[in-house]
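Asker: Let's see this in three dimensions:
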Amino acid sequence: MASVLSRVSKKIAMSAKIKVLLVFLLVPFWIYLRGVYRDRLGAFGCFDDCFNIVAGYFIGQGKQLYSEIFFNHQPILAYISALIQYFYQPQSIYELIYRHRMVLIGYFAAADMFLTLRFGLIGFAFALLFETTKGFLFGERFLAESMIVYPLVYLFALVLQRKRIHPMESAATAFATWFVVFSREPYIPLALFLFVVILYKTYSKVALMIFVLVTLATLALFDFRSYWWNLVTVNAQAASEELNWSIFFYPVAVYFGGNWNLFRWIEVILSGLILLTFWRTGWKRALLVFLTLGLANIRTVAPGTLYYVAFHHLVWYAVAIFVVLLQTKLGWIAIGWLALLAFLSPQSYLHENVNRAEQFGIGYGHYIMQGEIIRRLSDPTNTLFLELWDDLIYLQAKLPSAYKYSWYTSSMANFSIYRAAREEMFRDYPPDFYYGQCSKNGEISLRNDDYIRLTQGKTPTCIFVKKAVVSYISDERWITVRDFSIDKPQ
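Answerer: Predicted coordinates for the structure are as follows:
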């Protein structure tokens, strides 16, 4: 008996040493990736990540999410952004985006280390492939999808592994589930499905109690009617249009249609390995994989889609990697080979020679310039309203919003409550500065004789200033905007 225990303890100690070694190997791996994702800071400009960042900015201004800030996403990313902005106090748009990217990279690296310590070679192999290819899906950006990947694959691995889940770990799954649920609403079904399976396997009343308590505590932070309107009513139509049975059959659909590229070939190989495993496992295990992959693909994209809408595919891709690792013998070798293929391929973004400053100027220069023009001409007591787009200008202009719900994004125009609030604003407390969406022929979405339209080298801009405000803007301030070729109104 003593010899058996001795052999078991030696095996555990050896396993622990291997895991620690793999974690140390992740350090140079992430030092390299940090440089790659830092240099891609300005790539593709502002995207849905700016939606989270500007919501965080308004929270920092003392506004209440949902009741005073329109936000049709779950709240966690907005509050994380608010904390980043509070602690770092970024003084420029560049620093703002940089700080968010660096915090994310720290989170990614820590998550990979945790998965490696918990699952050994499986977690390490996942990091090798996922982290070197997720940029094709905007996986390095400040998006909820980028962050929830890790708790979701953690829950999935616990569900699929054959070992018994320790009661303490089942309690930790409650927090992982909560994080996903209150980060991104489309993946609530997947998180709850995995959590219910874990509860079934563990009979953990503690885990269920923890989840219920933290959920109720989170909901108590908000006006529930506003929360329900933003999350459910506003998103209902889009959700009904996206849901269909095809979400369950992506491992087959990946072979047909769409665009062919490096990432598509990686998914084709992953899907082939996944389909092979269905015939080699019991029906219960196969059903778990089938349902998990389907719920992970709740927002479908065409095979081979890269960037922009492709971020909807991040969760499926991450889960698919873990399916191969958990279902296929020595699956970590297959994943390691794919990671090497991705790294060596000339199609990989890892080898792009990027001019970070130039790329950032192309992606974000517009917001910086427009916001800086408004900031230089305004007083801190002035108000600003942005029409439909370019919300990052609020952070550069550093003026409070005149609008009841803080911003007026494109989707808000579809709802009478937000259109009425906009009309009320212009009627009762019009903004001092207005930035509108202008068409090529110079027409704007609002005509108001109380505003003067600024010109840039005699060309009309989308910036309008209330006539009463223009009358007291000093010559010195007009001189400061000559850097942007702004003309002083005559």
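
Asker: which other residues reach the helix or strand containing residue 366?
Answerer: Counting by DSSP states H and E, the element that carries residue 366 is helix 356-377. Under the contact criterion Cβ atoms under 8 Å, 6 or more residues apart in numbering, helix 356-377 has outside partners 38-46, 92-94, 97, 384, 390, 392-399, 433, 435, 454, 461-463, 465, 473, 477-478, 480-481, 484, 486. For the C-beta atoms, the positions are set from N, CA and C on the backbone; glycine is no exception.

Asker: Which among those count as buried?
Answerer: 39-43, 46, 93-94, 97, 384, 390, 392-397, 399, 433, 435, 454, 461-463, 465, 473, 478, 481, 486 (16 or more other Cβ atoms under 10 Å).

Asker: Strands - which of the residues you listed land there?
Answerer: If you go by DSSP state E, these have 384, 433, 435, 454, 461-463, 465 in strands.

Asker: Can you tell me which of the residues you listed is nearest residue 299?
Answerer: residue 435 (30.9 Å; Cβ to Cβ).

Asker: check contacts around the residue nearest to the closest one when sequence neighbours are not counted.
Answerer: Spatial nearest neighbour of residue 435, chain neighbours left out: residue 386 (4.8 Å); criterion: Cβ to Cβ, 6 or more residues apart in numbering. Each residue near residue 386 by Cβ under 8 Å, 6+ apart is listed here: 393-394, 401, 407-408, 435.

Asker: Okay, angle between whichever strand or helix holds residue 386 and helix 356-377 too, please.
Answerer: Assigned by DSSP H and E, residue 386 falls within strand 384-388. Per axes from the mean of the first three to the mean of the last three Cα atoms, to 10 degrees, the angle that strand 384-388 makes with helix 356-377 is 130 degrees.

Asker: just to revisit the earlier point, dump the ones in strands among the buried ones among the contacts of helix 356-377 to a markdown table, plus distance to residue 102.
Answerer: Formatted as a markdown table, those follow (distance: Cβ to Cβ, whole Å):
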| residue | distance to residue 102 |
| --- | --- |
| 384 | 29 |
| 433 | 32 |
| 435 | 29 |
| 454 | 36 |
| 461 | 34 |
| 462 | 32 |
| 463 | 32 |
| 465 | 36 |
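
Asker: Would you reformat those residues as TSV and include distance to residue 248 and pLDDT?
Answerer: TSV is the format used below for these (distance: Cβ to Cβ, whole Å; pLDDT from 0 to 100):
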residue	distance to residue 248	pLDDT
384	46	95
433	50	94
435	44	92
454	53	92
461	50	90
462	45	89
463	49	91
465	54	93
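
Asker: Return the residues in contact with residue 264.
Answerer: 254, 258, 303-304.

Asker: returning to that earlier point: can you tell me the average pLDDT over the helix holding residue 366?
Answerer: For helix 356-377, mean pLDDT is 91.

Asker: Same check on stretch 173-181?
Answerer: For stretch 173-181, the per-residue pLDDT averages 96.

Asker: Could you do stretch 311-330 as well?
Answerer: 91.

Asker: Ok, stretch 280-296 next?
Answerer: 88.

Asker: for the residue positioned nearest the centre of the chain, what are its contacts?
Answerer: The residue lying closest to the centre of the chain (Cα atoms, centre = their mean) is residue 143, at 0.6 Å. Residues in contact with residue 143 (Cβ under 8 Å, 6+ apart) are 47-49, 52, 77, 311, 314.

Asker: quick one: which of the residues you listed is most hemmed in?
Answerer: Neighbour counts for the contacts of residue 143, by other Cβ atoms under 10 Å, peak at residue 77, which reaches 27 neighbours.

Asker: nearest spatial neighbour of residue 95, skipping sequence neighbours?
Answerer: Residue 95's closest residue in space is residue 88 (Cβ to Cβ, 6+ apart), at 7.3 Å.
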